[in-house]
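K.L.:
Fold the following for me, if possible:
(chains A and B)
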Amino acid sequence: MESPSEQLAKQIIDRLSQEKLLTPERAKRCLPKLAAGTLKTEDWKVEIELSQEAKEETEND
Amino acid sequence: MTNQPLKKLAIKYLRGSLEPFEIKFENKRKLTIIYGENGTGKSTICDAFEFIGKGKVGSIEGRGLGKTAPYWASLGKEAQDIYVALESSTDSCSAQIEQSEVIIHPPEFRPKVEILRRSQILSLVEAKPGDRYKVISRFIDVTSIEESEQTLIKLIKQLKDYQKEAIARIEENRTAIENFYSESGETGTDPLGWAETESQYDHNAFAQDLKVIDKLRRQYDYLTNQLERITPIKQEYAVQKQQLDQARARCNEVVQTTVKGSSQLLNLLQAAQHIFEEHPNPSVCPLCESTKKVDGLAFRTAKKIKQFADLDLANQQLKHEEQKFKISQERLKDLRKEVMTAAQVFQKYLDEELISEDISLPENPIPDNINQLNYWLDQTKHLPKKWVDISNQKQDKQKFLAALKRSIQIYQENLQSQQALAKLIPNLEMTQKIIEEERKQFTDTVLSQIAEKVGALYEKIHSGEGLNKISLQLDPKKRASLDINTEFNGNSGVPPQAYFSESHLDTLGLCVFLALAGMEAPDETILVLDDVLASVDEPHVERLIKLIHEEAEQFRHCIITTHYRPWKYKLRWGWVQNGQCQFIELTRWCPTKGISSIHDVSEIQRLKLLLSDSHPDPQLVCAKAGVVLEATLDFLTQLYECRVPRRADNRYTLGDLLPALDKKLKKALRVEILESNDKNGNAIYRSHSLEEIIERLTNIAQARNVFGAHFNTLSFELLESDAIQFGQTVLELTELLIDPERGWPRNNKSGSYWATSEETRRLHPLQRPS
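P.N.:
Numbering: from 1, shown residues only, chains lettered A, B, ... in the order given. As a prediction, the model looks like this:
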C-alpha cells in the first residue's frame, strides 16, 4: 500500500505537470525523490529551470 | 498479507489456553461473536489474534507488570511452548516465540490485525493531541513531502537573496559606468551604449603599440649607447698611435747612436747564436766557413750580442707598441661597424614596422655615414621622452578600458542573472504554492474522510441526537498535533470529552477505531473488538450491534467478544440479522481444561432438533413450540398493531395473541420466499398464505397448555400425535416467516410489504386491513 507521501507526491506531480511547471520527463524523475524527501535545492532549480527552458522552446517552435 | 476467508484459529499455551483450543470459522460468515461470562477466555482469543498479527499481547499491558512477555504463556508453560496458528481457505501461518522474538511462519501470510479493547476504547478520544496524531499519522504523515518542500523554500530564499544582490550589483556597475563615461569626457545620454562600444575596442592594439614604443626606445638607446662607446675607443686609438710613434722614434735614435747597420749585425749575431746553441764547438765559421779564429767563436758571439742589448730593447718595445696599436685600430673599426649595423637595423625597423600615427618618429632617415650620426641623434633626442609619454598615455587608456570592460561585463552578467531569476523565482514560488495547497488539501481530505466516516457511524448509533458533526483538525500552531471536535448544543468546535457522557464517548471511540481500521486495506484486516459493548447503554446497544454487523462486511473478518447476554438471546430468536454471523459461546474456564466452547443454536433450530428425535418428547416439543409461537405472534401483533388486552406486565398468552389476528388480517397474511433469480436477474418468489396454518394452530393450540405448560391429567386422554403436530405446525409457520440467515421481516422500506434484508422473505400486507 502506498504511503501518504507517495500518494501526495503523485497528486503534486500531476498538478505541476498540468500547470506546465514540470515537463512529463522531469515530472517522472522528480516523483520518487519528492515522495522520499530527497529533492535538494539544486534538484529543484535544475528541474524547474530545464522544464522552463523546454516550455519556452516549445512555445517558440 | 492475505484477504482469504478464515478457516481455523488454533491456540496452545497462550494465557488462558491451558490445553489446545480451536475455533473453526463457518464458511461465508464474516462476523464471529464470541459470547462468554467474565473469565471464560474471551480476551485470550483476542490475544491470540494480536500475538500472530502484531507479535505482542496487549491485554495485560498497562497493569504495572513492566515487561509482559514473561506472563504470555499459560501458568506452568514456557514462552517457547506458545503456539498460535491461523488457517485460511488457501494458506496458513503460525506464531511462536524463538529467542524472545515472536516469529511468524511464513512471514508473508502474517495477518493484518486491528484490535480494540474495552480499556483502549477511549484512548484515541482522550489522548493528547500529539498522541492522537501518532495514531492517525499513518494516513496523513507526509514528512517526506514536507522535507522536499522545505528545500524548495530554502532555494527560493537563496535565489531571492541572489536577486537582491544582482540588482544591487547592477546599480553599482551602472554608476561605475556613468563615472567612466564622465571621466572620458563624453556628453551623450547613453553611457551603457558607449561602454558596450568601448569595451569592444581591440585591446591587442594597445599592446602592439606599447610593444612598438618599447622597441623604438630600446633601439634608439642602443644606437646612442653604441655611438657613445666610440669616443673612448677613439681616444684610446689616438693614445696608442702616439705611443707607437714614440717607440719608433726611440728605436731610430738607439740605432743611430749605436752603429749604423748594427741592427742587421745584431740580427746576424743572434742567428749565429742560435746555431751555436746546437753546435757549441764548430770546426768552421758558420758564415764564411773559415777555420781561422774558430776557437771561442761562440763565446765571442755572445759577448758581442750583449753589446747590442739596448738596441734589442728598443726593438722589442716598438714591436709591442705596434701590436697594441693594431688591436686598438681593430676595436675602433669593429665598433664603427657595429654602430652602423645598429643604425641600419633601426632604420629597417622604422621603414618596415606598422607604427601608429600617434607615435612620433624621426623626420629624417638615419644617416649611413657614421660621422653624421651624432648630428642625427642630436636632432632626434626629444623623441624618447615623447615615446615615454605616449606609452604612459596608452597604458592608462588600456587600464581604463579594461576596467570599463569589466564593469560592463559584470553589469551584463548581473543583468542576465537578474532576468533569469525574474523568470525562475515566480515558477518556483508557484511550485511551492501548489505543493502547500496539495499538502493541506490532502491532509484535510483524509481527516475529513475519517471525520465524515466517524460522524456517519456515530449517527447510526446516536441517530437524531445531533452529535455527528465530528471534525478532526491539525493544529496549525503545533507540529503533529490533532484536535478532535464536535458540535454540542449549538456550539461548534467543542471537545467531545468535555460534554459527552461516558457512554457517548465509548461509542465515539469505537466509531473512530472502526473508521480508521476501514481506511487501510479493510479486506485484508481482521478486526478484533474485545468487550467493547460493556458501557453502551441499552437504547444504543442494538444500533451498535447492527452497525457492527454492517461494518463487518468490508473487513476480512470481524471478531467481537462480549458478555452482553441480550445479544445471545436476540441472536437465538433471530431478532438481529445473523446471516453473516457465527455465534460461539464459551463455557466457564476450567483450571484443567482451560477454554472450552459450546455450539449455540436458535430456538427454532432447537424445536427442529426436538422434532427430529426418533421418539420426540411431546412435553418438550409443546413447551418449545409454545414459546416459539408466542414469540411469532408477539411479532405479528406488534407489526400489525393488533388489539390485545392491556396489562401492566405486558405478558400475553396464546389465548390473547391468536384471536388478536382478526379474520381480514389472517386472510391477507402471505409470505413470499425468494427462490432464485431468472436469467435477467429478476427475483423469483414462491408465495405462501399463512391463513390456513394459523387456523390449524388455533384449533390445536390447547395442546401447548395440556402438554407443555403444566402437569395436566388431560394429557393422558389426548393423542401424543396432536402434541407433535402442534410443534410441526409452529415450525412450519416460523420457517415460512423467518429466514434463518436474515432473521425476521421487519423492514417496511418497500412501501408495500415487510421484508428481511436482501428481501429473502416478503410479508404481506404492509398494514392490517381495516
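K.L.:
Give me every residue in chain A lying close to chain B.
P.N.:
A:1, A:3-5, A:7-9, A:11-12, A:15-16, A:19, A:21, A:33-41, A:43-45, A:48-49, A:52 (Cβ under 8 Å from any Cβ of the partner chain). Yep, even glycine has a C-beta here, placed from its N, CA and C like the rest.
K.L.:
which among those end up buried?
P.N.:
A:3-5, A:7-9, A:11-12, A:15-16, A:21, A:33-37, A:39, A:41, A:43-45, A:48-49, A:52 (16 or more other Cβ atoms under 10 Å in any protein chain shown).
K.L.:
Just the residues of chain A next to chain B: which are in helices?
P.N.:
A:4-5, A:7-9, A:11-12, A:15-16, A:33-36, A:41, A:43-45, A:48-49, A:52 (DSSP state H).
K.L.:
For the residue in the stretch 501-650 of chain B positioned nearest to chain A, which non-adjacent residue is spatially closest?
P.N.:
Relative to chain A, the nearest point of the stretch 501-650 of chain B is B:Ala521 (5.8 Å; Cβ to the nearest Cβ). Spatially, and ignoring its direct neighbours in sequence, B:Ala521 is nearest to A:Met1 (5.8 Å; Cβ to Cβ, 6 or more residues apart in numbering or on different chains).
K.L.:
what pLDDT does the one you found get?
P.N.:
A:Met1 is assigned 71 on the pLDDT scale.
K.L.:
thought it was touching B:Asp523?
P.N.:
No. Taking contacts as Cβ atoms under 8 Å, A:Met1 lies outside contact range of B:Asp523: 11.6 Å.
K.L.:
who are the neighbours in contact with B:Ala625?
P.N.:
Residues in contact with B:Ala625, defined by Cβ atoms under 8 Å, 6 or more residues apart in numbering or on different chains, are B:607, B:704, B:708, B:726-727, B:730-731.
K.L.:
Tell me the secondary structure at it.
P.N.:
helix (DSSP: H, G, I helix; E, B strand; the rest coil).
K.L.:
so the residue lying farthest from the centre of chain B is in which element?
P.N.:
Here chain B reaches farthest from its C-alpha mean at B:Lys292, the gap being 136.0 Å by Cα atoms, centre = their mean. For B:Lys292, there is no host helix or strand (DSSP states H and E).
K.L.:
contacting residues for the residue in chain A that chain B sits nearest to?
P.N.:
Scanning chain A for proximity to chain B using Cβ to the nearest Cβ identifies A:Gly37 as nearest, at 3.3 Å. Residues in contact with A:Gly37 (Cβ under 8 Å, 6+ apart) are A:5, B:143-148.
K.L.:
Separate out the buried members of the residues you listed.
P.N.:
By 16+ other Cβ under 10 Å, the contacts of A:Gly37 give A:5, B:144-148 as buried.
K.L.:
pLDDT score for the residue of chain A closest to chain B?
P.N.:
93.
K.L.:
Tell me the spacing between it and B:Pro616.
P.N.:
74 Å (Cβ to Cβ, to the nearest Å).
K.L.:
quick one: contacts of stretch B:329-347?
P.N.:
Against stretch B:329-347 from outside (Cβ under 8 Å, 6+ apart): B:219-220, B:222-223, B:226-227, B:229-230, B:233-234, B:236-237, B:240, B:365-368, B:370, B:373.
K.L.:
I'd like the distance between whichever residue of the stretch 151-300 of chain B sits closest to chain A and B:Glu429.
P.N.:
Nearest to chain A in the stretch 151-300 of chain B, going by Cβ to the nearest Cβ, is B:Leu155, at a distance of 3.9 Å. Remark: distance between B:Leu155 and B:Glu429 (Cβ to Cβ) = 10 Å.
K.L.:
Of the two, give the one with the bigger neighbour count.
P.N.:
B:Leu155 (23 against 15; other Cβ atoms under 10 Å in any protein chain shown).
K.L.:
What confidence value was assigned to the nearest residue to that one once chain neighbours are set aside?
P.N.:
Once flanking residues are discounted, B:Leu155 sits nearest to A:Thr41: 3.9 Å by Cβ to Cβ, 6+ apart. A:Thr41 carries a pLDDT value of 94.
K.L.:
Now do the contacts for A:Thr41.
P.N.:
Applying Cβ under 8 Å, 6+ apart, the residues near A:Thr41 are B:151-152, B:154-155, B:158.
K.L.:
Against B:Cys642, how distant is it?
P.N.:
81 Å.
K.L.:
What about residue 61, how many residues nearby?
P.N.:
Answering for chain A, as no chain was given. Other residues within reach of A:Asp61, judged by other Cβ under 10 Å, total 5.
K.L.:
not what I meant, chain B
P.N.:
The tally of other residues near B:Glu61 (other Cβ under 10 Å) stands at 13.
K.L.:
Then the one 3 residues further on?
P.N.:
B:Gly64 has 5 neighbours, counted by other Cβ under 10 Å.
K.L.:
what's the angle between the helix or strand of chain A with the lowest mean pLDDT and helix A:4-18?
P.N.:
Of all helical and strand segments in chain A, the minimum by mean pLDDT, DSSP states H and E falls on helix A:41-60, at a mean of 89. Inter-element angle recorded for helix A:41-60 and helix A:4-18: 30 degrees (by axes from the mean of the first three to the mean of the last three Cα atoms, to 10 degrees).
K.L.:
Export helix A:41-60 to CSV, keeping only CA atoms.
P.N.:
Extracted in CSV, the C-alpha atoms of helix A:41-60 (Å, rounded to 0.1, in the frame of the first residue of the first chain):
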residue,chain,number,x,y,z
THR,A,41,17.7,22.7,-3.6
GLU,A,42,19.9,22.1,-6.7
ASP,A,43,17.5,19.4,-7.9
TRP,A,44,14.6,21.8,-7.7
LYS,A,45,16.5,24.5,-9.5
VAL,A,46,17.6,22.2,-12.3
GLU,A,47,14.2,20.5,-12.8
ILE,A,48,12.2,23.7,-12.8
GLU,A,49,14.8,25.6,-14.9
LEU,A,50,15.0,22.8,-17.5
SER,A,51,11.3,22.4,-17.7
GLN,A,52,11.0,26.2,-18.2
GLU,A,53,13.5,26.1,-21.0
ALA,A,54,11.7,23.2,-22.6
LYS,A,55,8.4,25.0,-22.3
GLU,A,56,10.0,28.1,-23.9
GLU,A,57,11.4,26.1,-26.8
THR,A,58,8.0,24.5,-27.4
GLU,A,59,6.4,27.9,-27.4
ASN,A,60,9.0,29.3,-29.8
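K.L.:
Neighbours of A:Glu6, how many?
P.N.:
Neighbour number of A:Glu6 under other Cβ under 10 Å is 17.
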